[in-house]
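Undergrad: coordinates for the following, if possible.
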Amino acid sequence: MKIVSLNTGLPREVTWHGTGVSTGIYKQPVSGRVAARKLNLDGDRQADLTVHGGEYKAIYCYPIEYYAYWKKELPGRELPMAIFGENFTTDGMLEDSVQLGDRFSVGSAEVVVTQPRLPCYKLGIRFQADDMVKRFLASGRSGFYLAVTREGEVGAGDGIQAIARDPNGVPVSEITRLYVAKSYAAKDVASLRRALRVTAFPESWKQYFRERLQRTNV
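TA: Numbering: from 1, shown residues only. Next up, the predicted model:
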C-alpha cells in the first residue's frame, strides 16, 4: 500500500448554474514532504467546514484503481490525479478491504480510517455534471477519510503500513452500502452494531445509524 499522488488545494470561487460558489475540491499534486496535521495537510483547506474537513476528515483517500472504472464510465474525459478531490491517491487500499478503525503509519505520521465519503454537489461542479454525485455514490467507489492520530510528514511514494485493526471494524464499502440501503437484514443489523462500537467512527454517523436501527424490525 502506498501514496501514488499527494494532493492539496485552497478554496476558489467558481460559478455554477449562475451562482458563485466557494469550493476546495480543486486539488493539485505536490512534490516533497508535507505536514499532516490534526485538521488537514499543510497547504490544504476546505471551503465549507460544516460538511468538510475537521478532525475526522483530515485526509481524504481515493484509490487509483478506481480511475480505470471512471475512464470507462466517462469516455473521452480527462482524469488527472486528484480530480475526485482526494488528498491521497492510494494504491492497494480498496474499500472492501479497508475497515473503520484501521490504523496505519505513513511517512512519520499515523492515521486511522473514520468514514466513507458522502459526495456533495461540489463534485458535480468539478465534473461540470449534475448527475455525477448520484453516479459516484451508486458506483460504490467513494473513497474514505482518515483522522491523523500522530502528526508527521508525508509525501508521494510513501508506503502505508498497517498497525492495528479495530476488533469491531466493518469494511468501508459495507458502511456506504448500509447508508443508502432501504431496509436491513439481520446480518446488516449485526454489522451496524459492531460499527457503533468503533471509537474512530464519528458520532454523527453513529446517530444516523442508531435512528435507522430503531426503525428496523429485525
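Undergrad: going forward, measure contacts between C-alpha atoms and count neighbours the same way
TA: Fine.
Undergrad: Ser183 - how many residues pack around it?
TA: Ser183 has 15 neighbours, counted by other C-alpha atoms under 10 Å.
Undergrad: typo on my end, Glu65
TA: 15.
Undergrad: list the buried residues of the lengthiest helix in the chain.
TA: Identified as the longest helix of the chain according to DSSP state H is helix 203-214. Using 16 or more other C-alpha atoms under 10 Å as the test for burial, helix 203-214 gives 206, 209, 212-213.
Undergrad: with stretch 133-144 instead?
TA: Quick answer for stretch 133-144 (16+ other C-alpha under 10 Å): 133, 136-137, 141-144.
Undergrad: C-alpha coordinates for it, PDB please?
TA: Provided in PDB are the C-alpha atoms of stretch 133-144 (Å, rounded to 0.1, in the frame of the first residue of the first chain):
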ATOM      1  CA  VAL A 133     -22.900  12.900  -7.300                       C
ATOM      2  CA  LYS A 134     -25.600  10.300  -7.900                       C
ATOM      3  CA  ARG A 135     -23.300   8.200 -10.100                       C
ATOM      4  CA  PHE A 136     -20.400   8.500  -7.700                       C
ATOM      5  CA  LEU A 137     -22.400   7.200  -4.700                       C
ATOM      6  CA  ALA A 138     -24.100   4.500  -6.800                       C
ATOM      7  CA  SER A 139     -20.700   3.200  -8.000                       C
ATOM      8  CA  GLY A 140     -19.700   2.000  -4.600                       C
ATOM      9  CA  ARG A 141     -16.300   3.800  -5.200                       C
ATOM     10  CA  SER A 142     -16.500   6.800  -2.800                       C
ATOM     11  CA  GLY A 143     -13.100   6.600  -1.100                       C
ATOM     12  CA  PHE A 144     -12.700   7.200   2.700                       C
END
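Undergrad: now it: average pLDDT?
TA: Per-residue pLDDT over stretch 133-144 has a mean of 92.
Undergrad: and if you look at stretch 61-79?
TA: 96.
Undergrad: show me what counts as buried in that stretch.
TA: Buried-residue list, stretch 61-79, by 16+ other C-alpha under 10 Å: 61-64, 66-67, 70.
Undergrad: show me the shaky parts of the protein.
TA: Judged by pLDDT under 70, the chain has its weakly predicted residues at 46-53, 218.
Undergrad: could you rerun that using 50?
TA: Low-confidence regions of the chain, defined here as pLDDT under 50, cover residues 47, 49-50.
Undergrad: for it, just list every one of the helices.
TA: Under DSSP H, the chain gives helices at 65-73, 121-127, 132-138, 172-180, 186-195, 203-214.
Undergrad: of these, which is nearest Arg33?
TA: Arg33 lies closest to helix 65-73 among the helices of the chain, at 23.8 Å (C-alpha to C-alpha).
Undergrad: so who does the spatially most central residue of the chain touch?
TA: Nearest to the geometric centre of the chain sits Phe144, at 2.5 Å (C-alpha atoms, centre = their mean). Taking C-alpha atoms under 8 Å, 6 or more residues apart in numbering, we find Phe144 in contact with 60-62, 95, 113-117, 172.
Undergrad: just the ones of those in strands?
TA: 60-62, 113-116 (DSSP state E).
Undergrad: and the two most separated of those residues?
TA: Tyr62 and Thr114 (13.9 Å).
Undergrad: can you list the residues that contact stretch 14-25?
TA: With C-alpha under 8 Å, 6+ apart, stretch 14-25 has contacts from 9-13, 45-48, 83-85, 122-123, 125-126.
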